[in-house]
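Asks: how would this look folded up:
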Amino acid sequence: MRIGFIAHDSKKTLMQNFCIAYRGIISKHELYATGTTGRMIEEATNLNVHKFLEGYLGGEQQMGSQIENNQIDLLIFLRDPNTQSARDIKITNIFALCDMHNIPLATNLATAELLVKSLDRGDLEWREIYN
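Replies: Predicted structure coming up:
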């Protein structure tokens, strides 16, 4: 499975900690992330992450393109709902693409944990039909 990771600046440390905690599960899959998030995951876990550009430089659009082409099977996007950004339209687009292509999406830690545990149990194998 191909897992995508995006994190707002205020959630990047949380993403690192999440990936450390679930390293055993996510290490069995292909990992993709926007630039800084990917670098921070690599530093924390020593896992190989395919890094797109930084989010504000186009990484979110690159991730969106991967989603649109069914090249991502699960997306964990730890976002800060208290941060208003000019990129909110791009973020909304990513959510819409996940909805259109039936890509499981977590926007908070609780849902991310549920999805990763489901992935480990094999509950998301239905995504292979799309590939």
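Asks: ok, and the helix or strand in the chain with the lowest average confidence?
Replies: helix 88-100 (a mean of 86; mean pLDDT, DSSP states H and E).
Asks: Touching the helix or strand just after that one from outside, list them.
Replies: The helix or strand immediately downstream of helix 88-100 is strand 105-106, counting by DSSP states H and E. Contact with strand 105-106 is made by Leu74, Leu75, Ile76, Phe77, Leu78, Phe95, Cys98, Asp99, Ala112, Leu114, Leu115, as judged by Cβ atoms under 8 Å, 6 or more residues apart in numbering. Using the backbone N, CA and C atoms, a C-beta is placed for each residue, glycine as well.
Asks: could these go into JSON lines alongside neighbour count?
Replies: Shown next, in JSON lines, are the contacts of strand 105-106 (neighbours: other Cβ atoms under 10 Å):
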{"residue": "Leu74", "neighbour count": "23"}
{"residue": "Leu75", "neighbour count": "26"}
{"residue": "Ile76", "neighbour count": "27"}
{"residue": "Phe77", "neighbour count": "24"}
{"residue": "Leu78", "neighbour count": "22"}
{"residue": "Phe95", "neighbour count": "17"}
{"residue": "Cys98", "neighbour count": "21"}
{"residue": "Asp99", "neighbour count": "10"}
{"residue": "Ala112", "neighbour count": "23"}
{"residue": "Leu114", "neighbour count": "13"}
{"residue": "Leu115", "neighbour count": "19"}
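Asks: Secondary structure and distance to Gln61 added to the residues you listed, as TSV?
Replies: Converted to TSV, those look like this (DSSP: H, G, I helix; E, B strand; the rest coil; distance: Cβ to Cβ, whole Å):
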residue	secondary structure	distance to Gln61
Leu74	strand	19
Leu75	strand	14
Ile76	strand	18
Phe77	strand	14
Leu78	strand	19
Phe95	helix	14
Cys98	helix	14
Asp99	helix	17
Ala112	helix	22
Leu114	helix	27
Leu115	helix	23
